[in-house]
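Student: Need a 3D model of the following:
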Amino acid sequence: MAQDSGDFASDYQFWLQKLSVWEQASAREVQQDTCLYLSQFQEFLRQMYEVLKEMDSNTVMERFPTIGQLLAKICCNPLILAYDESQKILIWCLCCLINKVPQNSGESEPNFWIWGLLSHMLSAFRYDVKEVGLFTEILGYEPVDYYPSLLKNMVLSLVSELRESHLNGFNTQSRKKIVLPASSVVSLWLRHLPSLERATLHLFEKLLSRERWCLCLRRIECCIKDSLLPQAACHPAIFRIVDEMFRFALLETDGAPQVLAVLQVFTRCFVEALEKENKQPKFTFKTYFPYASPSLTAVLSQHPEAIPHGHRLQPLLYTSQLLREAVEEETPESHRSSFESWFLFVHFGGWVDMVMKQLLRSEPEPPTALLWLLAFYYSPRDESQQRAQTVVELRAVFNRLMILLRSDPLSAMDLQAEAGESPSTDPTAPVCGQLVRRLFLNFLLWAPEGHKIAEEAVTRMARTDAITHEIIGFLNQTLYRWDHLCVEAPRSEKLARALLKELQAQV
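Tutor: Next up, the predicted model:
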């Protein structure tokens, strides 16, 4: 910057004077002069950005007190803005002037002025702007082709440069985000589908990496809320698009636990935003899930944690009945209905947790309906006969677990044998193995007898990296839900955190 500062100061004064002349943009000779000098002016814009990006906003205003006057003249010149490359660099320059951490109203005021200029740039072009006619003729465009292309390039540039607070490789001061008003973001997403798709894909990339998956879900929740997607999804059109992308992610990953967990956190954030926004609901819940059974949607949209402990069995049995009716009817639409019902069910992970807890209280015989719910959740593609066999195997595992529970002393080695055992299926089958491990992990956390052997049992269970990550994910989800539900289980929570810390140290 130092070697160019003298040249830049000289160029700065030259272009400030030139822009004052160009303010008479309606005169034909001025239009011709602008077109003649435009490539040189664009080079000056690039030079200005290279200078500005090295300073904070206060330093910029001290060094160049007329910078606002210069930028305002540029933003009001339709011939300059008609060239999308100039717009892009101008956006970078304006963003350099934003005070990322304003301390008072005096420092906030310039930010509003800058947002005003950006808004003007986005709304300035209409088909009746005559001043750019000469410019479009020189470029060889017809207005009907030029304006849509210009707006598309401008929006793509703005979305790209503001994403993750990076402006052409430049990190904003103190890695603070440049936050657009939520209403503006929603308006952009409603009118420009690619930007919504990119925002959703970018969120997936951030959250589904192995490193992120090892973080607590509270931090993942913060990332999701910062994306503004849950708030924007209160509009059914946006929700449907984001939800479709989750659908494809689940299909592509064969229902990976990481994707399920992120979907469930997103759904919780969405429902929270919906309840906050809709004091008087604008849309029924059915609007957001049009392909699922209305009765099932109504049941699952309730908060399971709000149901008193002594009254939880009945809604679970009813949920199981509705799902079985939707899934096991022999109709041409049954396959689609099966997936849609499962897709709706997995949005609300709290119901599966409730099934697990209810089973541990179901001595001497666990209800078939609850075992069926677990089999369906973990293996939705099974046919009715396969699922019935899984239910039989789960019942046998559960009964053996109850026998172990009554043994004295309880052995972690015996528990490990049960966790990897299945009477008639491959012991390494991922679905059955994962389901049994979830059941046993819930037992270890909730049963006082399980606390004594939990550390040894989990160490024996986590015999591969994949299973270790699976257990880390389970503990993360459990602690996240307990935190949200304000569950008062000090011993269980302390145990879960200790196990999580130990396993995270191993990966």
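Student: for the record, mean pLDDT for the host helix or strand of V259?
Tutor: Per DSSP states H and E: V259 is located in helix 257-277. Averaging pLDDT along helix 257-277 yields 89.
Student: same deal with stretch 80-98?
Tutor: Stretch 80-98 comes out at a mean pLDDT of 79.
Student: repeat for stretch 309-317
Tutor: The model assigns stretch 309-317 a mean pLDDT of 85.
Student: do you know how far the residue nearest to M356 when sequence neighbours are not counted is from D7?
Tutor: Spatial nearest neighbour of M356, excluding adjacent residues (C-beta to C-beta, 6 or more residues apart in numbering): N442 at 4.5 Å. Using the backbone N, CA and C atoms, a C-beta is placed for each residue, glycine as well. Using C-beta to C-beta, to the nearest Å, one gets 70 Å for the distance from N442 to D7.
Student: now do L251
Tutor: For L251, the distance to D7 - C-beta to C-beta - is 57 Å.
Student: ditto for I98
Tutor: For I98, the distance to D7 - C-beta to C-beta - is 26 Å.
Student: Could you report the neighbour count for the residue nearest to M356?
Tutor: Applying other C-beta atoms under 10 Å, we find 19 residues neighbouring N442.
Student: Do I have it right that it meets R361?
Tutor: No - counting by C-beta atoms under 8 Å, N442 stays clear of R361, with 11.1 Å between them.
Student: rewinding a little: what about I98 and D7, which has more around it?
Tutor: The neighbour comparison of I98 against D7 (other C-beta under 10 Å) goes to I98, with 17 against 10.
Student: Quick check: that one touching S57?
Tutor: Yes - if you go by C-beta under 8 Å, I98 and S57 touch, sitting 6.4 Å apart.
Student: what is the mean pLDDT for the one helix or strand N476 maps to?
Tutor: Per DSSP H and E, N476 falls inside helix 465-485. Helix 465-485 shows a mean pLDDT of 84.
Student: helices or strands next to the helix of greatest length in the chain in the packing?
Tutor: The residue-count maximum for a helix in the chain (DSSP state H) belongs to helix 28-52. The contact analysis (3 or more C-beta pairs under 8 Å, 6 or more residues apart in numbering; DSSP states H and E) places helix 28-52 against helix 2-22, helix 78-81, helix 84-96, helix 133-139.
Student: Provide a list of residue ranges in the stretch 351-500 of the chain with pLDDT below threshold.
Tutor: Filtered on pLDDT under 70, the stretch 351-500 of the chain yields the residue ranges 362-363, 418-432, 485-489.
Student: how about the nearest residue to I307, chain neighbours excluded?
Tutor: P315 (6.1 Å).
Student: That neighbour - that's part of a helix, no?
Tutor: Yes - counting by DSSP: H, G, I helix; E, B strand; the rest coil, P315 falls inside a helix.
Student: measure it to E456 for me?
Tutor: 36 Å.
Student: Also Y377?
Tutor: Where E456 is concerned, Y377 sits at a distance of 28 Å (C-beta to C-beta).
Student: same deal with E85?
Tutor: E85 is 65 Å from E456, by C-beta to C-beta.
Student: Can you tell me how far the closest residue to L52 other than its chain neighbours is from Q103?
Tutor: In space, and not counting its chain neighbours, L52 is closest to C96: 4.0 Å by C-beta to C-beta, 6+ apart. Using C-beta to C-beta, we find C96 at a distance of 19 Å from Q103.
Student: And these two? Which one has more around it.
Tutor: Taking other C-beta under 10 Å, C96 and Q103 do not tie; C96 has more neighbours (23 against 8).
Student: Wait, a helix at S337?
Tutor: Yes - when classified by three-state DSSP, S337 is found to be part of a helix.
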